[in-house]
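Enquirer: Let's see this in three dimensions:
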Amino acid sequence: MPNTPPQEGSNGLPPFSTIINVPTGGLPGLALPSSSASSQPGPSNSASASAPASADVPSLRPPPAISSIADSMAEEDAEIPVPAETRSGSDSRASPGPVLNAQEGLGGALAGPDLQMINLSQSTQAEAPALGPPSTADTAQQPPSQPLSTDPQGSGSSAHPTAPMSMQTEIRKAENEQVESEKSRKKKEDEEKLAQIYEGLDFDGLWSKLSESLSRMEDDSSAAMILLPLIESLMVVSKHVATPEAAFALENTSARGSVSPVTETRPPPKTPREVMSENFFTFTERHRKILNTMVRANPSLMSGSFSLLVHNPKVLDFDNKRNYFTQQLHKGRREHYTNLNLSVRRQYVFSDSFHYFARHNGPEIKHGKLNVRFYNEEGVDAGGVTREWFQVLARAMFNPDYALFAPCAADRTTYQPNRASEINPDHLAFFKFVGRVIGKAIYDGRLLDAYFTRSFYKHILGKNVDYRDLEAVDPEYFKSLEWMLQNDITEVLDLTFSVDNEEFGETQVIELKPNGQNIAVTEENKMEYVKLVTEQRLTLSIRKQIDAFLEGFHDVIPRSLIRIFSETELELLISGLPDIDVDEWRNNTELHGYSQSDAVITWFWRAVRSFDQETRAKLLQFITGTSKVPLEGFGHLQGVSGDQRTNIHKTYGSDRLPAAHTCFNQLDLPVYESFEHLKKSVLLAIN
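Expert: This next block holds a predicted model:
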């Protein structure tokens, strides 16, 4: 059927029906109102798909198997009704049904400027498993929800009334755990079946057309808001396929393969679920700007279907992530916990605080309100004393007498867990305490003067490290590995899959793989060697320290919630946004190959001035490895040889992105042809 020719709308764009190639008579299952009766839908009519365009538009009712669930999934913690599985013979699994085209299986309406939520047409009712109360067959195969014994007291428990009170408590606890386990199992089954329904639909065309429409409206956020209902609908559809695990797997897959200097791409998706997940991630990354604008204008979107955006950490801006993180961290009913009344001696702030925290469990530390008093000092804690306690304690964490952290060779201002910390017999308990303190500071919204290496932030987030993270810890060793990757090492290096580790005057040989001492490093296996030696230096050698820190940290901060941040954003969350004076930074920057009058340098500082504080902080992190600005100013930035100002080096190739060498505070800036090209390349590099 031929498409209707595009007509200009009030905003200069063709009508949405022409953008998504709607036939003259309308799509099967996708009802578009006529111009004369857009607000007066006609009576229900199952033959509406073939009705002429001028006819009254019927009111399509989506199948209850999907619409009721899709609506409820817009709420983050919505309960999903237990499905009644359709069985054939002995097979108890639900069939996902045949693949349908979204334009054939979706119904919706355009009422004035607003797009209504997508509804699935009744044509899918016969294919989709019915969702509702459990069938008789289900009930027969499920364990009884009530214990066999009766409860004369009517409390709902099977605990015998004559049993000791402690035994009754244990029985009730076991029953509650069983009920919760059963609920969790049923919820997972229900979510899986809903995902199977969605996998049976082909949404590729809608993702593509919606992306085209948003691209046309990118610079007009008010016009783009017209598409908000459609965006929300597709996010509801993606809820069970675009999972945090999928995004996390994609990011870590890239990290695992990143020992090669060649940029790697994502593997092509194979299954329907992977295709839908890939569509979601591609769409959200492409329209990052407008999606963040929508969230910033209406933060409540993150409480509904837009919460899916946190599943792709590259999409949300830091301020939107932080707002969502804070809301989720403090969400839910909070039990009453007593105050944490802490009295410490200033000169022994670390040990006194450690012993106090050791007497409390994780929830008490997380929810208890801190009231701090310094021994023999006057003052009532109205917030200022606690803030000072965090500052003093943060400095004490890095006291070399405790041997917990070692400064990095690259800048001497960022810290890494000390491999030799076991010289202190209490080092693991201390690491757990430090994890609790940093978690408590995040929970209470306090900022710490504490800066760690990029690799340590990755460990907190559960991400894989790569050889580039070695640059901050050991710049010379990093250069050796980089040379190895970029050159043919045949008959040049005499290495095996083992490393020498020296501690307390003793040298120990550590094999990177079984029988590693007898396996030579060759041109063919050098990438494996770089990967294994990086893992040994940055992870395995400090595994106990990392695990102890994370045990304390996760007493306060949930593992799944902190993962929405990148390693650079985690530093900003812990230590705050620096106040960057662009004029001072420029006056303390050295140029190599450029002069101050060159257009590229003028454009660069013009771009920096246009950035907000968050983006400036990320640029500083990109160049120096940390967002910390010395109290004395940019003239006292630290490098591998002490004071090291920022320096910009001229490179060629306008198709290349800017590169950085953090141990020298060096930015390699290509010669770009325009300000727009330079700004776009800088933003792409730092993000």
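Enquirer: what are the ranges of the strands in the stretch 151-300 of the chain?
Expert: 201-202 (DSSP state E, counting those that start in this stretch).
Enquirer: Give me the residue ranges of it where confidence is low.
Expert: 151-163, 194-203, 239-270, 272-273 (pLDDT under 70).
Enquirer: ok, D469 - contacts?
Expert: Applying C-beta atoms under 8 Å, 6 or more residues apart in numbering to D469 gives the contacts 453-455, 458, 534, 538. Bear in mind the C-beta positions are built from the backbone N, C-alpha and C, glycine included.
Enquirer: next SSE after whichever strand or helix holds F549?
Expert: Assigned by DSSP states H and E, F549 belongs to helix 543-553. As assigned by DSSP H and E, the chain's next helix or strand after helix 543-553 is helix 559-562.
Enquirer: Residues contacting the helix holding F549, please?
Expert: 404, 417-418, 421-422, 427-429, 431-439, 456, 459-460, 539.
Enquirer: Taking those residues, please make a ChimeraX selection of just the buried ones.
Expert: Buried subset of those, written as a ChimeraX selection, criterion 16 or more other C-beta atoms under 10 Å:
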select :404,417,418,421,427,428,431,432,433,434,435,436,437,438,439,456,459,460,539
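Enquirer: Tell me which entries of the contacts of helix 543-553 lie within helices.
Expert: 427-429, 431-439, 456, 459-460 (DSSP state H).
Enquirer: got the CA coordinates for whatever helix or strand E388 lives in in CSV?
Expert: Taking DSSP H and E as the criterion, the element that holds E388 is helix 384-397. Extracted in CSV, the C-alpha atoms of helix 384-397 (Å, rounded to 0.1, in the frame of the first residue of the first chain):
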residue,chain,number,x,y,z
GLY,A,384,30.6,21.2,61.8
VAL,A,385,32.4,18.9,64.2
THR,A,386,31.4,15.8,62.2
ARG,A,387,32.7,17.5,59.0
GLU,A,388,36.0,18.2,60.7
TRP,A,389,36.2,14.6,62.0
PHE,A,390,35.8,13.3,58.4
GLN,A,391,38.6,15.6,57.3
VAL,A,392,41.0,14.7,60.1
LEU,A,393,40.2,11.0,59.7
ALA,A,394,40.8,11.0,55.9
ARG,A,395,44.3,12.4,56.5
ALA,A,396,45.0,9.7,59.1
MET,A,397,44.0,6.9,56.7
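Enquirer: Which residues does that helix contact?
Expert: Counting by C-beta under 8 Å, 6+ apart, 342, 344, 346, 349-350, 353, 370-374, 379, 402, 404-405, 434, 437, 441, 444, 446-450 sit against helix 384-397.
Enquirer: quick one: average confidence on that helix?
Expert: Here helix 384-397 scores 91 as its mean pLDDT.
Enquirer: hang on, the earlier thing: among the contacts of helix 384-397, which lie within helices?
Expert: Among the contacts of helix 384-397, DSSP H puts 349-350, 353, 434, 437, 441, 444 in helices.
Enquirer: would you turn those residues into TSV with pLDDT?
Expert: TSV is the format used below for the ones in helices among the contacts of helix 384-397 (pLDDT from 0 to 100):
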residue	pLDDT
V349	95
F350	96
S353	96
V434	97
V437	97
A441	95
D444	93
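Enquirer: any idea which of the ones in helices among the contacts of helix 543-553 is closest to G625?
Expert: Nearest to G625 among the ones in helices among the contacts of helix 543-553 is F456, at 12.0 Å by C-beta to C-beta.
Enquirer: Surely the closest one and Q416 touch.
Expert: Yes. F456 is within contact range of Q416, at 5.9 Å (criterion: C-beta atoms under 8 Å).
Enquirer: returning to what we had before: how far off helix 427-444 does the helix holding E388 point, in degrees?
Expert: Interaxial angle of helix 384-397 relative to helix 427-444 (axes from the mean of the first three to the mean of the last three C-alpha atoms, to 10 degrees): 150 degrees.
Enquirer: So for helix 384-397, what gets flagged as buried?
Expert: 385-386, 388-390, 392-394, 396-397.
Enquirer: got the contact list for N371?
Expert: 339-342, 381, 386.
Enquirer: Which of the residues you listed scores worst on pLDDT?
Expert: Within those, pLDDT is lowest for D381, at 62.
Enquirer: List only buried entries from the contacts of helix 384-397.
Expert: Going by neighbour count (16+ other C-beta under 10 Å), these have 342, 344, 349-350, 353, 370-374, 402, 404-405, 434, 437, 441, 446-448, 450 buried.
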